[in-house]
Structures are given as C-alpha cells and as structure tokens.
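Visitor: For reference, the sequence and a predicted model appear below.
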Amino acid sequence: MKELIIILSSTWKFAATFPLAVLIMKMSFFETLLYTNFGGLIGVIFFVSLSKIVIKTWTKILPAQKQDKNKKIFTKRNKKLIKLKRTYGLPGIIILNPIILSIPVSAFLVAKYYGEKFINYCWLVVGQIAWSVLYTFFFTSLHDKWNLTF
C-alpha cells in the first residue's frame, strides 16, 4: 500500500514525495528511487498526453483572432513569455520541474512550446531521474545521519 501512495503522489508533486518515502514510510534508497521514478514517468506520460488534448481542444474552441499579417501585437504577457522562453528555454523547465514547477505544469509547458519532438519529453524524464537521485541521496543521508523519523 505504501508503494502505491508513493507512486501516486510522485505523479503529481514529485519533490514532496521524498520526505514521505524516506522519513515517514522508511523506504530504502533503491525503493525510493524505483517508486518515485515510476510515478514520475507515469505522471509525465499522463500529463503530456492530457496537455496535448487540452491544447488541441482549446485551439479548436477558441481559435486565435485573425489579425493583419503586417501588424504584430505585443502585450506585456507576450513579452514576458518570449523573454522566459528565450532566456531559460527547455533546460530551464527541466531544472525547475521538481523545485518550483510540478510535473503537470512542466508537461504542459513542454507540450505547448516544445511539443513536436519526442526527445523533449525524454529530457523531462531524464531531469526527473537526476533530481530523484539527488533528493533520495539527501533524504536517506539525513535519515541515516540524524535518525530522523516522524
């Protein structure tokens, strides 16, 4: 039962799962890696698929307003999105995925702005695995060093 809880919680909020797995449920290093990464992989697949459906449906229901091809409209929001995309890009989304963003938000951003290539979704999984190793190492060493339990 505890494995299912870890898998389901890591599909949604990846970073919050590690203290739960290591400190409360007392899982080992490899158990934590296995179950959190499995849940994260399921989350990436599910939310990327859901994001594609939502984006496709949204563009059909509310098509972009037709505007003069020579006249471009720049709003504050458009300028901020362009600046964020150019400054940080896909690596920024991958790095911020478990820290600030969650798997659903990062999957939506990748599907929206980088969604044509399968390799971009693979980078989400690679980033998730890298963060998983760091988080698991941190919390297992914290648990072993100070014997923290809740």
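Guide: Nice, thanks for sending it over. Worth saying up front: this structure is predicted, and the values here are computed from it rather than measured. Numbering: from 1, shown residues only.
Visitor: Mind listing what's buried along the helix or strand containing residue 145?
Guide: Assigned by DSSP states H and E, residue 145 belongs to helix 118-146. By neighbour count on 16 or more other C-beta atoms under 10 Å, the buried set for helix 118-146 is 120-121, 123-125, 127-128, 131-132, 135-136, 139-140, 143. Every residue, glycine included, has its C-beta placed from N, CA and C.
Visitor: can you point me to the longest helix in the chain?
Guide: Counting residues, the longest helix found in the chain (DSSP state H) is helix 29-61.
Visitor: coming back round to it: tell me the gap between the helix holding residue 145 and the middle of its chain.
Guide: 12 Å (C-alpha atoms, centre = their mean, to the nearest Å).
Visitor: do stretch 132-150 as well
Guide: The answer for stretch 132-150 is 22 Å, by C-alpha atoms, centre = their mean.
Visitor: Kindly provide the whole-number mean pLDDT of it.
Guide: Regarding stretch 132-150, the rounded mean pLDDT is 78.
Visitor: Mind listing residues that contact that stretch?
Guide: Contacting residues not belonging to stretch 132-150 are listed as 14-15, 18-19, 21-24, 26, 28-29, 32-33, 36-37, 40, 98 [C-beta atoms under 8 Å, 6 or more residues apart in numbering].
Visitor: of the residues you listed, buried ones?
Guide: Buried residues within the contacts of stretch 132-150, counting neighbours by 16+ other C-beta under 10 Å: 14-15, 18-19, 21-23, 29, 32-33, 36-37, 40, 98.
Visitor: give the contact list for the nearest residue to residue 121 once chain neighbours are set aside.
Guide: Spatially, and ignoring its direct neighbours in sequence, residue 121 is nearest to residue 48 (5.6 Å; C-beta to C-beta, 6 or more residues apart in numbering). Residues in contact with residue 48 (C-beta under 8 Å, 6+ apart) are 107, 110-111, 121, 124.
Visitor: And residue 112, by the same measure?
Guide: Contacts of residue 112 (C-beta under 8 Å, 6+ apart): 51, 55.
Visitor: Since that was my last question, I'll sign off now.
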